[in-house]
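Participant: here is my input; please provide its structure:
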Amino acid sequence: MPVVSIKLAGKLTRAQKKAIAEEITATLEKHADKPARYTYISFEELPEENWAIAGVLLDEDE
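Facilitator: Presented below is the predicted three-dimensional model:
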């Protein structure tokens, strides 16, 4: 049973989540022989203030 967790800064629309979930599920089914009905995908959307790259929070101006 594949479990895929997607963590990202910002928000996705419902349509974007649906498209991503469909493509990841299809990829696992095609390349790993995992049945779609057993593939679980979760989305974790975090505010940009909770992400940093190279010591700089994403919501900071450079």
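Participant: what ranges of the protein fall below the confidence cut-off?
Facilitator: Flagging of the chain using pLDDT under 70 yields the residue ranges 62.
Participant: next, count neighbours for residue 61.
Facilitator: One way to gauge burial is a neighbour count; for residue 61, by other Cβ atoms under 10 Å, it gives 4. (Each C-beta comes from the backbone N, C-alpha and C, glycine too.)
Participant: ah, wrong one, I meant residue 25
Facilitator: Neighbours of residue 25 using other Cβ under 10 Å come to 20.
Participant: just the element for residue 28, please.
Facilitator: helix 14-32 (DSSP states H and E).
Participant: and the contacts of that helix?
Facilitator: With contacts defined as Cβ atoms under 8 Å, 6 or more residues apart in numbering, helix 14-32 is touched by 2, 4, 6, 12, 34, 35, 36, 39, 41, 43.
Participant: highest neighbour count among the residues you listed?
Facilitator: Most surrounded of these: other Cβ under 10 Å gives residue 39, at 19 neighbours.
Participant: touching, that residue and residue 2? I think so.
Facilitator: Yes - the criterion here is Cβ atoms under 8 Å, and residue 39 meets it with residue 2 at 4.9 Å.
Participant: picking that back up, the helix holding residue 28: how far from the chain's middle?
Facilitator: In terms of Cα atoms, centre = their mean, to the nearest Å, the centre of helix 14-32 is set 10 Å apart from its chain centre.
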